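**Student:** below is the sequence, then the predicted model.
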Amino acid sequence: MISCSTPGVDTIGENMQNFTKKFLTKKSQDLSKWYNEVILKAELADYAPVKGCMVIRPYGYALWEGIVGFMDKLIKNRGIKNAYFPIFIPEKFLNLEKEHVEGFAPHLAVVTIAGGEELKERLIVRPTSETVMYEMYKQWTQSWRDLPILINQWNNVVRWEKRTYLFLRTSEFLWQEGHCAHATHAESVDVVLWALDAYQKTYNELLGMYGIAGVKSESERFAGAAKTYTYEMLMPDGKALQGCTSHDLGQNFAKAFNWTVQDEKGEKLYPWQNSWGFSTRSIGGLIMAHGDDQGLILPPKISPIQVVIIPIFKKSKERINKYVKDLAEKLTDFRVEIDLKEEESAGFKFNKWEVKGVPLRIEIGEKEIQDNTATLVRRDNGERITLKTNNLEKEINKLLTEMQNEAYARHRKFTLENTREVNTYDEFKEIMQTKKGFLKAFWCENPECEKKIKEETKATTRCLPLDVKEENGQCVYCGKNAKYRWLFAQSY
RNA sequence: CGGGGUGUAGUUCAUCGGUAGAACGCUCGGUUCGGGACCGAGAGGCACAGGGUUCAAUUCCCUGCACCCCGACCA
């Protein structure tokens, strides 16, 4: 059924070079320039009038909606319900947890005037909602029977960053933050690991991205947490991106807030808590991980448009338009866009939709009408396929599934190829200066060594991978005994 | 917040001590459409803000602001 209509598939590589976008920096030449340009050109987002903030345009917001839809289902299936807490937090709340306030203080936006009057108590624009939420949790619970509390919220938060970057680090960003409280530590940890798994599933299955799940070191963990879990992904320039966080908060916040409930025996119990978040940063990772010199490449499951149909007009506009519309009606299982714009040429449209990363393009011209076929072109490898229209839906489904799997496989392969075990510090430094990527090296877990390594190589511990084996090794920096190989990388 | 750079049309840039020009984009008309089509006509600028030097500043100098790059901080 699938036949290759163009003579010589091996010319595709050559042709693809001619297709290089005129007004787009090559990804292979300058990743960060390419990244900014492709976001603007694909109309995912734009710079906002306020420094460090971004406007997420409809095409970019559709990506976020895709993520929200996928993940919201996972969250609800776990019995966790959505709620909404206010954007403003009384300043004194934040001061209750010492590490928490120290961690966030430099990044806060503060409201000092409201309603034309100076406020007696200043209001913090939430950088995260632990404190407001737990103050309410405290009021809602008297007994262990009121636990667990299982709440998530989809919202925006503000962290005033000095250096911002579209999607990856903006002063305001969108995310979900889940906050649960339990009678036992075990139950809480269960949720922490479940959330990490849900995030991993979202990256692997929806966004076609591969990464390493693990635990953060003491210096890298969330302000106020007992333990922070993460999913770390490698970007094409060899730098790592933290894809999410899931925190075991222990009883730190409960104690700071003096929140107790009565346990079964009537004694005081500080609830065990967790919090976990996944943000619009993931979209930045998605863009970097999959794009190429032609622009975005979106894995089909997340792509707002999966199939774009482009009519190629000759004389018979009406015949072609009818054929195209009939075709689109057969493809109701997919997100289909028909590009009927008459003022743009076919070639212009090819380029436009390639920059936007649409997985499949269907070209319909005289040839296709005559043979009752459709010509499909894959975004990821440029392959051109001509198919009969009677079985098209099934074939497209097959192709999109294949493209989804291959996107993941490509990113996984790239990550594995750029993950290296090193045993000497010289080797470590050399790789960090050249190829970068993930390094697996023994570390004695002394924060001093971690700090020195960071100063000298820019690399930080990303995590202790969950599947790490206990071994007898020597710290790559100080040579003292070390049990585990930690994952190191320079990070975004 | 430290080091460096840049602010001129919607965008990317050129120009110059005597108040501006290109390409792309945009608008209108026509011809086109299988890899960013073509022809013709048009619209579009207080040269980031303030101060100084000068007969004269978009141009030189200072200050502020914004943006970009490189560090420290971070989902």
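**Tutor:** In hand now; what should we look at?

**Student:** which ones are touching the residue most central in space within chain A?
**Tutor:** Taking Cα atoms, centre = their mean, the centroid of chain A lies closest to residue A:282, which sits 1.6 Å from it. Applying Cβ atoms under 8 Å, 6 or more residues apart in numbering, we find residue A:282 in contact with A:67, A:202-203, A:207, A:243-244. (Glycine included, C-beta is placed from N, CA and C.)

**Student:** look up how far residue A:168 lies from it.
**Tutor:** Distance of residue A:282 to residue A:168, computed by Cβ to Cβ, to the nearest Å: 10 Å.

**Student:** so among the contacts of residue A:282, which ones count as buried?
**Tutor:** Neighbour-count burial within the contacts of residue A:282 applies to A:67, A:202-203, A:207, A:243-244; the criterion is 16 or more other Cβ atoms under 10 Å.

**Student:** the residue lying closest to residue A:259 once chain neighbours are set aside and RNA strand B, how far apart?
**Tutor:** The shortest distance from residue A:259 to any non-neighbouring residue, by Cβ to Cβ, 6 or more residues apart in numbering, is to residue A:138 (4.2 Å). Taking Cβ to the nearest atom of the strand, to the nearest Å as the measure, residue A:138 falls 25 Å from RNA strand B.

**Student:** so for residue A:138, what's the pLDDT?
**Tutor:** With respect to pLDDT, residue A:138 has a value of 96.

**Student:** is it in a helix, a strand, or coil?
**Tutor:** helix (DSSP: H, G, I helix; E, B strand; the rest coil).

**Student:** who's in contact with the nearest residue to residue A:279 once chain neighbours are set aside?
**Tutor:** In this structure, residue A:279 finds its nearest non-sequential neighbour in residue A:175, 3.6 Å apart by Cβ to Cβ, 6+ apart. Each residue near residue A:175 by Cβ under 8 Å, 6+ apart is listed here: A:154-157, A:277-280.

**Student:** intersect these with the contacts of RNA strand B.
**Tutor:** A:277, A:279-280 (Cβ under 7 Å from any atom of the strand).

**Student:** distance check, the residue of the stretch 351-492 of chain A found nearest RNA strand B against residue A:52.
**Tutor:** As assessed by Cβ to the nearest atom of the strand, RNA strand B sits closest to residue A:365 within the stretch 351-492 of chain A, at 2.1 Å. As judged by Cβ to Cβ, residue A:365 and residue A:52 stand 47 Å apart.

**Student:** about what we covered before: tell me the one among the contacts of residue A:282 nearest to residue A:382.
**Tutor:** Checking the contacts of residue A:282 against residue A:382 with Cβ to Cβ, the nearest one is residue A:207 at 22.1 Å.

**Student:** helix or strand: which one has the nearest residue to residue A:231 once chain neighbours are set aside?
**Tutor:** Spatially, and ignoring its direct neighbours in sequence, residue A:231 is nearest to residue A:243 (4.3 Å; Cβ to Cβ, 6+ apart). Taking DSSP states H and E as the criterion, residue A:243 maps to strand A:240-250.

**Student:** which helices and strands sit right next to that strand?
**Tutor:** Under the contact criterion of 3 or more Cβ pairs under 8 Å, 6 or more residues apart in numbering; DSSP states H and E, strand A:240-250 touches helix A:185-201, strand A:227-234, strand A:272-279, helix A:281-290.

**Student:** tell me the buried residues in the longest one?
**Tutor:** Counting neighbours by 16+ other Cβ under 10 Å, one finds that the buried residues in helix A:185-201 are A:188-189, A:191-196, A:198-200.

**Student:** let's have these in a markdown table, adding distance to residue A:23 and pLDDT.
**Tutor:** Below are those laid out as a markdown table (distance: Cβ to Cβ, whole Å; pLDDT from 0 to 100):
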| residue | distance to residue A:23 | pLDDT |
| --- | --- | --- |
| A:188 | 51 | 98 |
| A:189 | 51 | 98 |
| A:191 | 47 | 98 |
| A:192 | 46 | 98 |
| A:193 | 46 | 98 |
| A:194 | 45 | 98 |
| A:195 | 41 | 98 |
| A:196 | 40 | 98 |
| A:198 | 39 | 98 |
| A:199 | 35 | 98 |
| A:200 | 37 | 98 |
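
**Student:** show me what contacts residue A:44?
**Tutor:** Counting by Cβ under 8 Å, 6+ apart, residue A:44 makes contact with A:56-57, A:59-60, A:63, A:167, A:283, A:287, A:296.

**Student:** number of residues surrounding residue A:62?
**Tutor:** For residue A:62, the tally of surrounding residues (other Cβ atoms under 10 Å) stands at 16.

**Student:** now it: closest residue in space, sequence neighbours ignored.
**Tutor:** Distance criterion Cβ to Cβ, 6+ apart; nearest residue to residue A:62, sequence neighbours excluded, is residue A:304 at 3.6 Å.

**Student:** now swap in residue A:40 and tell me
**Tutor:** Nearest non-adjacent residue to residue A:40, counting by Cβ to Cβ, 6+ apart: residue A:46, 6.5 Å away.

**Student:** so the one you found makes contact with residue A:57?
**Tutor:** Yes: using Cβ atoms under 8 Å, residue A:46 is in contact with residue A:57, at 6.2 Å.

**Student:** related to what we said a few turns ago, ok, so of the contacts of residue A:175, who is nearest residue A:116?
**Tutor:** If you rank these by distance to residue A:116 using Cβ to Cβ, residue A:156 comes first, at 25.0 Å.

**Student:** for burial, what's the neighbour tally of the closest one?
**Tutor:** For residue A:156, using other Cβ under 10 Å, the count is 13.

**Student:** which stretches of chain A have low pLDDT?
**Tutor:** A:1-20 (pLDDT under 70).

**Student:** farthest from the middle of it: give me that residue.
**Tutor:** Most distant from the centre of chain A: residue A:315, at 45.9 Å, with distances by Cα atoms, centre = their mean.

**Student:** that one: which element?
**Tutor:** Per DSSP H and E: residue A:315 is located in neither a helix nor a strand.
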